[in-house]
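# pasted the sequence and its predicted model underneath.
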Amino acid sequence: MSDIIRISNGKFTASIRPEGAQIVSLTAPDGREVIWQGDPAIWADHTPVLFPVIGNCKDASVIIAGRKYPMSKHGFARKAMFDPIIIGSNYVTLEITESPATKKMYPFDFTFQVTYELTETGFVCTMQVDNESDKPMPFCVGGHPAFVVPMEASAAFEDYQLRLPSDEKATNLLCPGGQLITGSEPIAFPGGVIDLTHAIFDKKDTLMLTEINSRHVDLVNRKTGHGLRLTCEDMDVLAIWTRPNNHGDYLCLEPWVGQPGGVNESGAFADKPHALTLQPGESYPFVFEVELI
């Protein structure tokens, strides 16, 4: 296990693990833990970073320029050893670049940086993708942060709800067992409210919302109004997940540019819905913010 990096701004204290560039702890001003602590018996992760794909790929591979390359779920970044290149008192930037191992899965020269910066109300995560190749580079990128729920003593998971800024009529991508997308269904949230129950995830595995207008979502205790807000301007898909039939005390709010593979897709990376392509020398910053409210 690599050395944990600790940062603080006097209000919040965070711990970041270079393996996977995950923020593994965020201590709030009142002393409580905000980030799920990764119980291996339930779900061992904390805040995976997703690059260069989102979710599973059809046939566990991607096709680039007519050639098939193996690709693991959510890509290789979540298991990679990042180099801390900048460490400040309240921020850290970690980086990976191409290697012989990544070239077997993704035939591009790239730089992928993850920066965590503490704010007065929480933290900002910036994932920057740079195309260092001499050819166009398709990619997907996203976050997978898991938050402790319930957040308050004596509260239960079912005391919480998600609140979007207004009524939403979206599309929910159907991904049975978290594998491949098999279709979609219309879904509506009157008043922008989603009441949380474990039964939702036992039945659907994941709410995978696309075509939404909202750029932020609040996760709050319906009785007290306390909780957190996740904001992301570049949010093609918002995935909401906790492991089905496990009923752990956490919820993942996942802003994505990209989506899992589909049973009927071609497998070509460039054909993936929401995938972006960087030209040689171009960069793309993906940013999301978490604020306690």
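On my side now, so go ahead.
# please count neighbours and contacts with C-alpha atoms only from this point.
OK.
# point out where the stretch 1-150 of the chain drops to low pLDDT.
Residues of the stretch 1-150 of the chain that meet the criterion pLDDT under 70 lie in 1-2.
# helices of that one, residue ranges please.
100-103 (DSSP state H, counting those that start in this stretch).
# Lys58: neighbour count?
21 (other Cα atoms under 10 Å).
# from Phe123, how far out is Glu158?
Distance of Glu158 to Phe123, given as Cα to Cα, to the nearest Å: 26 Å.
# okay, the two: which has more neighbours?
Per other Cα under 10 Å, whichever of Glu158 and Phe123 has more neighbours is Phe123, with 19 against 15.
# bridge partners for Leu174, pull those for me.
Gly183 (DSSP bridges).
# going forward, begin numbering at 53 instead of 1
Sure thing, new numbering starts at 53, so read that last one as Leu226.
# so it sits right up against Ile239, yeah?
No - the criterion here is Cα atoms under 8 Å, and Leu226 misses it with Ile239 at 11.3 Å.
# neighbour-wise, which of these two wins?
Shown here are Leu226 and Ile239; by other Cα under 10 Å, Leu226 has more neighbours (21 against 14).
# and the pLDDT at the more buried one?
Leu226 carries a pLDDT value of 95.
# so how far is Arg119 from it?
28 Å.
# go on, His98?
33 Å.
# then Ser185?
17 Å.
# neighbour-wise, which of those two wins?
Each of Ser185 and Arg119 has its neighbours counted (other Cα under 10 Å); Ser185 has more, 17 against 9.
# that one touches Leu330, doesn't it?
No - using Cα under 8 Å, Ser185 makes no contact with Leu330, being 9.6 Å away.
# which residues of the stretch 203-345 of the chain fall in strands?
212-215, 220-226, 235-241, 245-247, 258-262, 268-273, 279-283, 289-293, 302-309, 328-330, 335-344 (DSSP state E, counting those that start in this stretch).
# and the fourth one, what does it pack onto?
Packed against strand 245-247 by the contact rule (3 or more Cα pairs under 8 Å, 6 or more residues apart in numbering; DSSP states H and E) you find strand 212-215.
# what's the offset of the strand it packs on from the middle of its chain?
18 Å (Cα atoms, centre = their mean, to the nearest Å).
# counting by contacts, list what it packs against.
strand 245-247, strand 268-273.
# how about 10 Å then?
Applying 3 or more Cα pairs under 10 Å, 6 or more residues apart in numbering; DSSP states H and E, we find strand 212-215 packed against strand 245-247, strand 268-273, strand 279-283.
# among these, which is nearest Val114?
Comparison of those against Val114 by Cα to Cα identifies strand 279-283 as nearest, at 29.9 Å.
# the closest one - contacts with which helices or strands?
So strand 279-283, by 3+ Cα pairs under 10 Å, 6+ apart, packs with strand 174-183, strand 212-215, strand 268-273, strand 302-309, strand 335-344.
# pLDDT averaged over it, what's the number?
Mean predicted confidence for strand 279-283 is 98.
# name the surrounding residues that touch that strand.
86, 173-174, 176, 197, 199, 201-204, 212-216, 266-273, 305-307, 339-345 (Cα atoms under 10 Å, 6 or more residues apart in numbering).
# go again using 8 Å as the cut-off
203, 267-273, 305, 340-345 (Cα atoms under 8 Å, 6 or more residues apart in numbering).
# thinking Lys324 is in contact with Gly313, fair?
Yes - the pair Lys324 / Gly313 is scored as a contact, 7.3 Å apart, by Cα under 8 Å.
# who has more neighbours, those two?
For Lys324 and Gly313, the more surrounded residue by other Cα under 10 Å is Gly313, and the numbers stand at 28 against 22.
# which residues touch the more buried one?
Gly107, Asn108, Cys109, Lys110, Leu232, Ile233, Gly319, Lys324.
# could those residues go into CSV alongside distance to Lys221?
CSV is the format used below for these (distance: Cα to Cα, whole Å):
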residue, distance to Lys221
Gly107, 24
Asn108, 26
Cys109, 27
Lys110, 28
Leu232, 23
Ile233, 20
Gly319, 29
Lys324, 23
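# are any of those buried, and if so which?
Gly107, Asn108, Cys109, Lys110, Leu232, Ile233, Gly319, Lys324 (16 or more other Cα atoms under 10 Å).
# what is the burial count for the closest residue to Phe164 other than its chain neighbours?
Distance criterion Cα to Cα, 6 or more residues apart in numbering; nearest residue to Phe164, sequence neighbours excluded, is Val181 at 4.8 Å. Using other Cα under 10 Å, Val181 is surrounded by 23 other residues.
# thought Val181 was touching Tyr336?
Yes - judged on Cα under 8 Å, Val181 makes contact with Tyr336 at a distance of 5.2 Å.
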